[in-house]
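Visitor: Structure of the sequence below:
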Amino acid sequence: MKDTILRGMAANNQVRFFSAYTKEVVETARSIHNTSPVATAALGRLLTAGAIMGSMCKNNSDILTLQIQCSGPIGGLTVTSNAKAEVKGYVNHPDIMLPPSEKGKLDVGKALDLGVLSVIKDIGLKEPYVGQSNLVSGEIAEDLTYYFATSEQIPTSVALGVLMEKDNTVKHAGGFIIQLMPFAEESLISDLETRLKEFSSITTLMDKGMTSKDMMQKLFEGYDIVFNDEITPAYHCDCSRERVYKAVMSIGKNDIKEMIVDNKPIEVNCHFCNKNYVFDVNELEQMIQ
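Guide: From the prediction side, this is the model:
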């Protein structure tokens, strides 16, 4: 299966859905950051959510950032996405190891523990929009469901999952976001709540060979369903030597002069892609001129 995000409507346009398969996105992130299995699962879930929520943006220039600050051993996570579902992200402590949860699964909730989820939307205004909510479980899908209900007042169901191979590479990854329209009927709301409670974990369904489309058809069985379009998510870092050069320049003359006194080149690392940029003393001198 190739990575994809399907967008559509169901139940006479009373529900909109976004269903994603993101194995390559998550595996790319795992290989870049050399994450442990539990860190891969956490970052993979947030990358999937970021890709979907990015595809929900109205303008091509919009930028979305999901940030989790937490007390757990993972330390925090950051994911950035655009309207093309191009995502990048990192975890503060990529090598954490934890025993499995009581259900025998990767314990993402314990890795995050208590904390705050921030959703930052840069839509071209003077200041970006920032919405925040507390983590309710650390499992990320539940935390995003709570965020949508409290910060955006949109009845939403979020499901996210990452399944690992025995060699710690990514076997499957994906998720969905379902949102009710304001005019959704009570009977539909009640029926969907029941269906979602009985719905198998998405990693189980993906491991059985079900696609993003199959899952939506299963969830909305008996209702009309329309698949509007699809978009291909990708892990993409837009850093460049020029952008990093400007960032170093912005720290101020005095700090750059101190670097020059050390008479050693400086190395700047990109958190998102682990690429290193080296600037020698001559370049530092050019910056202050």
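Visitor: can you give me the helices for the stretch 151-289 of the chain?
Guide: Ranges of helices in the stretch 151-289 of the chain, per DSSP state H, counting those that start in this stretch, are 186-198, 202-207, 212-219, 241-249, 253-262, 281-288.
Visitor: Make CSV out of the ones you listed and add distance to Phe148 and mean pLDDT.
Guide: Placement of C-beta: from N, CA and C, glycine included. Formatted as CSV, the helices of the stretch 151-289 of the chain follow (distance: least, C-beta to C-beta, whole Å; pLDDT from 0 to 100):
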stretch, distance to Phe148, mean pLDDT
helix 186-198, 14, 94
helix 202-207, 18, 94
helix 212-219, 18, 95
helix 241-249, 32, 87
helix 253-262, 41, 81
helix 281-288, 44, 82
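Visitor: Which one, of the ones you listed, ends up nearest to Ala41?
Guide: helix 202-207 (9.7 Å; C-beta to C-beta).
Visitor: What are the buried residues along the closest one?
Guide: Residues of helix 202-207 classed as buried by neighbour count (16 or more other C-beta atoms under 10 Å): 202-203, 205-206.
Visitor: among those residues, which two are most distant?
Guide: Pairwise across the buried residues of helix 202-207, and taking C-beta to C-beta, the largest span is found between Thr203 and Leu205, at 7.4 Å.
Visitor: Please go through this structure and pick out the longest helix.
Guide: helix 37-55 (DSSP state H).
Visitor: Looks like Val158 contacts Thr48 (just checking).
Guide: No - if you go by C-beta atoms under 8 Å, Val158 and Thr48 don't touch, sitting 9.7 Å apart.
Visitor: Just want to know which of the two has more residues nearby.
Guide: Thr48 (34 against 25; other C-beta atoms under 10 Å).
Visitor: State the distance from the more buried one to Gln217.
Guide: 20 Å (C-beta to C-beta, to the nearest Å).
Visitor: same check, this time on Val261
Guide: Using C-beta to C-beta, Val261 is found at 66 Å from Gln217.
Visitor: the more surrounded of the two?
Guide: Neighbour totals were compared for Val261 and Gln217, and Gln217 leads with 16 against 9 (other C-beta under 10 Å).
Visitor: what's the neighbour count on the closest residue to that one other than its chain neighbours?
Guide: The spatially closest residue to Gln217, leaving aside those adjacent along the chain, is Ile225, at 6.5 Å (C-beta to C-beta, 6 or more residues apart in numbering). Counted with other C-beta under 10 Å, the neighbours of Ile225 add up to 17.
Visitor: How about Val130?
Guide: Residues near Val130, counting by other C-beta under 10 Å: 13.
Visitor: tell me the contacts of the residue lying closest to Cys237 once chain neighbours are set aside?
Guide: With sequence-adjacent residues excluded and distances taken as C-beta to C-beta, 6+ apart, Cys237 is closest to Cys273, at 3.8 Å. Going by C-beta atoms under 8 Å, 6 or more residues apart in numbering, Cys273 touches 32, 88, 237, 239.
Visitor: Lovely, talk soon.
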